[in-house]
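Peer 1: The following comprises the amino acid sequence and a computationally predicted model.
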Amino acid sequence: MKHVLVIEDELNLARFIELELTHEGYSVTLSADGEDGLDKALNYNYDCILLDLMLPALNGLEVCRRIRKSKNTPIIMITAKGETYDKVVGLDYGADDYIVKPFEIEELLARIRVMLRRADDSEAGNNKILSLHGISVDISAYKVTIDDTELELTKTEYELLYLLMKNVGIVLRREQILEHVWGYDSEVETNVVDVYIRYLRNKLKPFNKHKVIETVRGVGYVIRT
């Protein structure tokens, strides 16, 4: 049984989510503030974390940042802010996806399934290393090295680089990247892909590897052999 941690201070919403997730066969743990939620996230193992942005004691962004220092548990940020900037900030702090209040429970369930499927797929493929242009992606260790130097990436940056490396020579459309890395394909949000490509290139630039990610104007991105 998959175990989901819900860090949400709106009691009615938290209990509603708990009821729906339990009905779908998940085990659910609730937390009503950031400090307690962080403690649970760090000391117990969960398959997915639903994290509200605005929390008492410790805000959701800080909770997310601290979790990401030691764990790769999938995190879905719950936010009342729908602006692209706020979404990008949440993703940059290490969240894997976000959902904006108010939301339909079916959408939340779908996003949870995507996160769990990605995690399962990652574990199933944890037996190889992808190497190209001096960049090595160690899937089992969940790390990237360039000339024996480890590259510090957020979970989303790692997933983006892994996707491009796994599809060498294939031009990936922004919509495809959204679907595989973030689990949704809203055309309105394709600029999030551009933002993260920029982040990734900036991380690669000190090693003079930023040009390996090519932009195909009007289409998407590719890493070629």
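Peer 2: On my side now, so go ahead. Numbering: from 1, shown residues only.
Peer 1: you'd agree V100 is up against A80?
Peer 2: Yes - look at V100 against A80 with CB atoms under 8 Å: they come within range, at 7.1 Å. Quick note: C-beta positions are derived from backbone N, CA and C, even for glycine.
Peer 1: With neighbour numbers in mind, choose between the two.
Peer 2: More crowded of V100 and A80, by other CB atoms under 10 Å: V100, with 16 against 12.
Peer 1: For K87, see how far away the more buried one is.
Peer 2: In this structure, V100 and K87 are 8 Å apart, going by CB to CB, to the nearest Å.
Peer 1: secondary structure class for Y98?
Peer 2: Assigned with DSSP: H, G, I helix; E, B strand; the rest coil, Y98 falls in the strand class.
Peer 1: Give the closest residue to it in space, chain neighbours not counted.
Peer 2: M77 (4.2 Å; CB to CB, 6 or more residues apart in numbering).
Peer 1: show me where pLDDT drops low in the chain?
Peer 2: Applying pLDDT under 70 to the chain flags residues 81-86, 121-127, 184-190.
Peer 1: residues in contact with the residue nearest the centre of the chain?
Peer 2: Geometric centre of the chain, nearest residue: D96, 1.9 Å, by CA atoms, centre = their mean. Applying CB atoms under 8 Å, 6 or more residues apart in numbering, we find D96 in contact with P74, I75, I76, M115, R118, K155, T156, E159, W182, G183.
Peer 1: Mind doing that once more with 7 Å?
Peer 2: Counting by CB atoms under 7 Å, 6 or more residues apart in numbering, D96 touches P74, I75, I76, M115, K155, T156.
Peer 1: Phi and psi next, for it.
Peer 2: phi -90, psi -30 (degrees, to the nearest 10).
Peer 1: Check the spacing between it and G183 real quick.
Peer 2: 8 Å.
Peer 1: who touches both of those two?
Peer 2: Common neighbours of D96 and G183 (CB under 7 Å, 6+ apart) are M115.
Peer 1: circling back: quick one: which helix or strand includes the residue nearest to Y98?
Peer 2: strand 75-79 (DSSP states H and E).
Peer 1: now for that strand, which elements pack on it?
Peer 2: strand 48-52, helix 60-68, helix 84-92, strand 97-100, helix 105-124 (3 or more CB pairs under 7 Å, 6 or more residues apart in numbering; DSSP states H and E).
Peer 1: which residues are in contact with the fourth one?
Peer 2: Right, the one you point to is strand 97-100. By CB under 7 Å, 6+ apart, strand 97-100 touches 76-79, 82, 87, 90, 107-108, 111, 115, 182-183.
Peer 1: How many residues are close by the residue nearest to G60 when sequence neighbours are not counted?
Peer 2: Nearest non-adjacent residue to G60, counting by CB to CB, 6+ apart: L53, 4.2 Å away. By the measure other CB under 10 Å, the count of residues near L53 is 21.
Peer 1: so L53 touches V63, yeah?
Peer 2: No - in this structure, L53 sits apart from V63 without contact. The criterion is CB atoms under 7 Å, and the distance is 9.5 Å.
Peer 1: Tell me what angle whichever strand or helix holds E35 forms with helix 60-68.
Peer 2: Assigned by DSSP H and E, E35 belongs to helix 34-43. Between helix 34-43 and helix 60-68, the angle comes out at 20 degrees (axes from the mean of the first three to the mean of the last three CA atoms, to 10 degrees).
Peer 1: Does helix 34-43 pack against any helices or strands, and if so which?
Peer 2: Using 3+ CB pairs under 7 Å, 6+ apart: helix 34-43 touches strand 3-7, strand 27-31, helix 60-68.
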